[in-house]
Every structure is written in structure tokens, then in C-alpha cells.
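> Requesting a structural model of the entry that follows:
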Amino acid sequence: MIDGLVAGRLYGETEERTDKAGKTFTLAKVRASTADGELLFVNVIAFDAAVCAAMQVMQDGDSVALSGSLSPRVWTDKQGNARPALDMVAHRVIVLPGIGG
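So this is what the prediction gives:
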């Protein structure tokens, strides 16, 4: 895994789920730009209660910065093109003033 910082915009709404043991976690998607201007999806999962709470107040399109463990992967779009993506386990989130307020 790679430790990294990702900044982008929330894509869609966050989703709170509960695992089989009854522990809650939060899922989200972030659209980030690469150095060459391409858009990259980052699939985010958070287990820390403070990070989950901060993510729950955000809405689609809000700017966000997250740090955590990254795992690169590839997905195939409807046209059969291979696209890069990242999976992240978020450990910290930066929330801008006014978000969720």
C-alpha cells in the first residue's frame, strides 16, 4: 500500500454502512485530477468515527482532501476502455469551513 493525500470533489453522496459485527463505516467516491488533467475516481472507505462524521456532512460536489492508504487498480468502462482508479482507506479528512453548516 501507498500512503497518500488526495484532493478532489465528492462524487455523489456518502454512504454509511454497518458490517456483520455491528461496526459502522462510511463509503464515498472522490473525483481527483491527475497531473495531465485526466479525472481519476478514488473509492474511499473510512472506519475512524471522526473521519466518518466529517464525511457524512459533505454533499455531492464539495471539495475534500483525504489522507490514508492507497491501492491502485484498473476498471473497464462501458466502451471497454481500461481506466485507472484508486482505493483509499481514509485516516484523516480536511473539511473546509462552512461545509455541513
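> quick check, Leu86 in a helix?
No. Secondary structure of Leu86 (DSSP: H, G, I helix; E, B strand; the rest coil): strand, not part of a helix.
> distance of it from Gly68?
Per C-beta to C-beta, to the nearest Å, Leu86 is found 10 Å from Gly68. All C-beta spots, glycine's among them, are computed from the backbone N, C-alpha and C.
> looking at this, Ala54 is in a helix?
Yes. Under three-state DSSP, Ala54 falls within a helix.
> Enumerate every residue touching it.
Residues near Ala54 by C-beta atoms under 8 Å, 6 or more residues apart in numbering: Val93, Val95.
> Test my guess that Thr76 contacts Ala85.
No. Contact criterion C-beta atoms under 8 Å: Thr76 and Ala85 do not qualify, at 10.6 Å.
> And these two? Which one has more around it.
Ala85 (14 against 9; other C-beta atoms under 10 Å).
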